[in-house]
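Novice: Fold the following and give me the result.
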Amino acid sequence: MPARRTHLAPETTHGALAASLTALREKNDVADNFPPEVTAEAEHAAAPTPPLDLREVDFVTLDPLESRDLDQAFHIERTADGFVLRYAIADVPGFVVPGGALDAEARRRGQTLYLPDGSVPLHPRELSEGRASLLPDEDRSAFVWTIPVDADGAAAFEGGSAAAARVERALVRSRAKLDYVGAQRRIDAGEASGPLALLGEFAALRIAQEERRGGASLNMADEEIVRDDTGYRIERRFPLPVEEWNSQLSLLTGMFAGSLMLDAGIGILRTMSAPDAKSLAEFRERVAVLGVPWREGISYGEYLRELPRGTPQAAAVLHAASSLFRGADYAAFGVSRDGEIVPAPAQPEQAAIAAPYAHVTAPLRRLVDRWGLVICEALSAGEPVPEWALASLAEVPSLMRSSSGLASRLGSAALDRVEAALVRDRVGETFRVVVIESQGGSARVQITDPPITTRCPDPDGVLAAGTVATVRVTQVDVATGSVELEPAMPAAAASQQV
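Specialist: Next comes the predicted model:
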C-alpha cells in the first residue's frame, strides 16, 4: 500500500520548523562542516591499491535512491552445493590515518547523524560520498567477504557443509547503483538479472536459518521524514521485501565477523541480552489482553511472524515487543585493561538475531566498523591485528555509546518537531488513532494521517491498547515539538464507527 503523504504549508509552517531544527542542531553542537585540517587530510587521502583484483566480479549496490554513501556492494553466485555471497565493504581504514586529524574527528562524531534538514556525515563528503564510496563504474579498494552457504542456507561457521569463508582486501568495481523501489519493480516484473535475480532465493534460505536459530525480526513500520520543495512530511511504511532480503546479507556478514572474533579471542561485538523470564511473562499477559495470545509451544519469533499485519492489535503487540529487547551495547574483548586481558562476554549473542554479531558493513557511516574490518581481515589471513586497532579497541564502546545516545535524542526530538508542524494549524480538530499502549493514566497512540505517534493523557482509562479511538489536538508548539491531545471519544465507540 503506498504511503500517505501530508505536506506542510511552506509559507507558514516551514519557517517555524526550519528555525526549530536549526536551534536543535545548535543546542547539541552539531555541525555539518569539518575543521580545515580534517578537510585537507580527506582531500589528500588515498587507499592503497590491494594486490587482489576482483573487478571481473559483477558487484552491484542496493540502497535508497538518493544515497551516495555506498558502503556495500554484493554479488551472489549459484554453485553445485548452494551459493557463494561476495560482499564488498568500502575500505574506509585505507583512507584514515590512525592518530591523524580525520581519525580524531571521526572518533568525536561516532556516526553519521540523519536529521530532517540534512545529514551530518561521519567523514567529509569527499570521502563518504566520493572516493571511498562504492559508486558505479569506479575502481575501489574494498574488504570483500566471501561466504559460501549450502543448499539449506547454512554457512560454514554455522556448521554447514560449505567451504570456509574469508575476508580480504581487493580491487572491485560496482556495475550498477540499484535502488529499493526500482529493484523491487524489476523483481516483481520478472526482469531482474545478475546478482539481483538471486537475492530473493538466497535471502529466503537465510530467513529460514534465522527461524531455526530462534531469531526474530519485528518488521515494524518505518517512520521516515522526507523533505522536498513543498516542505516536510512523514511517510510511514513497511519495508519492501527487497529491503529485508538485502538486510540478510549484512546480517550474515556480521555473524561471520562475530564468529571470527570469538574464535580468535579478540574483537568487538554488538550485544543485546535476551529478555528475562519476568519480562516475557509480562509480555504474554499484555498480548493476551490484546486478544492476540502467544500460544504455548511456539517460539517468540514464530509468534511475531504469525501476527496479522495491519491491525490495531498487531501494532500494539509490535510496540510491546520492541520493549523486550533493550540494552544493545558493544563489548570489546581480547585487549588489556588494568593489566588484565578482557575476556569475551559470557553471553555473546545479540538476542534478537540469536547469534553472535559484529558491526562491519557500514564503515562510511559508523565508527566501530573500521575496527571490525581490520581485525577480521587480519584474523582471516592469520596475521597480527594492526597495532593501532589493538591500542584503541577498548575505547570504541564508549565512543559508540555516546554517539548512539546523541543520535537517538536528536532523532526523537527532530521527529517530535516535524510531527508538531504537521498539526500546527489543526488545533481543535479530531483524529482517529490506534492505541498501541495504555498504562498509568496515559496512552501512546498512532494517528494515521498525518502519521504521528505520541502520548495522550487518559485519566479515565478510556483508551484501551489494541483499539481504535478518537483524540482531539488541544495545543501545539513547533519550537519544542510538543503536541497535546485529549480523548474525544471512547475506544469502543470509535471502533464501532470504523
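Novice: now the helices: where do they sit in the stretch 301-450 of the chain?
Specialist: Under the criterion DSSP state H, counting those that start in this stretch, the stretch 301-450 of the chain contains helices at 312-322, 368-381, 387-392, 396-422.
Novice: Mind listing what's buried along the longest one?
Specialist: Right, the one you point to is helix 396-422. 396-397, 399-400, 403-404, 406-407, 410, 413-422 (16 or more other Cβ atoms under 10 Å). Yep, even glycine has a C-beta here, placed from its N, CA and C like the rest.
Novice: And the third one, by the same measure?
Specialist: When neighbours are counted by 16+ other Cβ under 10 Å, the buried residues of helix 387-392 are found to be 388-390, 392.
Novice: these two touch, right, Gly214 and Ile298?
Specialist: No. If you go by Cβ atoms under 8 Å, Gly214 and Ile298 don't touch, sitting 10.9 Å apart.
Novice: what residues are up against Pro343?
Specialist: Phe333 (Cβ atoms under 8 Å, 6 or more residues apart in numbering).
Novice: quick one, phi/psi of it?
Specialist: The phi and psi torsions at Pro343 (degrees, to the nearest 10) take the values phi -80, psi 170.
Novice: measure it to Pro487 for me?
Specialist: 53 Å (Cβ to Cβ, to the nearest Å).
Novice: Thr361 too?
Specialist: Look at Thr361 and Pro487: by Cβ to Cβ, they are 45 Å apart.
Novice: Which of Gly214 and Ile298 has more residues huddled nearby?
Specialist: Gly214 (15 against 11; other Cβ atoms under 10 Å).
Novice: what's the spacing between that one and Ala352?
Specialist: Taking Cβ to Cβ, one finds Gly214 at 10 Å from Ala352.
Novice: shared neighbours, those two?
Specialist: Contact criterion Cβ under 8 Å, 6+ apart; no residue bridges Gly214 and Ala352 by contacting each.
Novice: Now do the SS call for Glu175.
Specialist: Check again: residue 175 is Arg, not Glu. strand (DSSP: H, G, I helix; E, B strand; the rest coil).
Novice: next one: Thr453
Specialist: strand.
Novice: That one bridge partners, please.
Specialist: On the basis of DSSP bridges, Thr453 is bridged to Gln446.
Novice: Give me the phi and psi for the residue nearest the centre of the chain.
Specialist: Central residue of the chain (Cα atoms, centre = their mean): Ser247, 9.1 Å from the mean position. The phi/psi pair for Ser247 (degrees, to the nearest 10) reads phi -70, psi -30.
Novice: cool, Val144 as well?
Specialist: phi -100, psi 120.
Novice: burial count for it?
Specialist: Neighbours of Val144 (other Cβ under 10 Å): 25.
Novice: same deal with Gly182?
Specialist: Counted with other Cβ under 10 Å, Gly182 comes out at 14.
Novice: Check Glu282 too.
Specialist: Neighbours of Glu282 using other Cβ under 10 Å come to 15.
Novice: got a pLDDT number for the closest residue to Gln475 other than its chain neighbours?
Specialist: Excluding the flanking residues, the one nearest Gln475 by Cβ to Cβ, 6 or more residues apart in numbering is Glu484, at 4.1 Å. Looking at Glu484, its pLDDT is 96.
Novice: try Ala351
Specialist: So, for Ala351, pLDDT stands at 89.
Novice: ditto for Ala491
Specialist: On the pLDDT scale, Ala491 gets 51.
Novice: now do Ser259
Specialist: 96.
Novice: How about the contacts made by it?
Specialist: Here Ser259 is in contact with 157, 356 (Cβ under 8 Å, 6+ apart).
Novice: Could you do Asp229 as well?
Specialist: Applying Cβ under 8 Å, 6+ apart, no residues contact Asp229.
Novice: if I look at it, how far off is Leu21?
Specialist: 17 Å.
Novice: rewinding a little: would you mind saying which of the helices of the stretch 301-450 of the chain lies nearest Thr112?
Specialist: Nearest to Thr112, of all the helices of the stretch 301-450 of the chain, is helix 396-422, at 8.6 Å by Cβ to Cβ.
Novice: Remind me what the closest one packs against, helices and strands.
Specialist: helix 13-27, strand 113-115, strand 222-228, strand 231-237, strand 329-333, helix 368-381, strand 452-457, strand 482-489 (3 or more Cβ pairs under 8 Å, 6 or more residues apart in numbering; DSSP states H and E).
Novice: Run the chain-centre distance for it.
Specialist: The chain centre lies 14 Å from the centre of helix 396-422; the measure is Cα atoms, centre = their mean, to the nearest Å.
Novice: just stretch 332-339 next, same as before
Specialist: The chain centre lies 29 Å from the centre of stretch 332-339; the measure is Cα atoms, centre = their mean.
Novice: How about stretch 39-56?
Specialist: 27 Å.
Novice: for the stretch 201-350 of the chain, what are the low-confidence residue spans?
Specialist: 218-221 (pLDDT under 70).
Novice: residue boundaries of the strands in it?
Specialist: Taking DSSP state E, counting those that start in this stretch, the strands of the stretch 201-350 of the chain run over residues 222-228, 231-237, 267-271, 329-333, 336-337, 340-341, 349-350.
Novice: Could you dump these into TSV with mean neighbour count and distance to Asp369 added?
Specialist: Shown next, in TSV, are the strands of the stretch 201-350 of the chain (neighbours: other Cβ atoms under 10 Å; distance: least, Cβ to Cβ, whole Å):
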stretch	mean neighbour count	distance to Asp369
strand 222-228	15	22
strand 231-237	20	27
strand 267-271	25	10
strand 329-333	19	11
strand 336-337	11	22
strand 340-341	10	24
strand 349-350	22	15
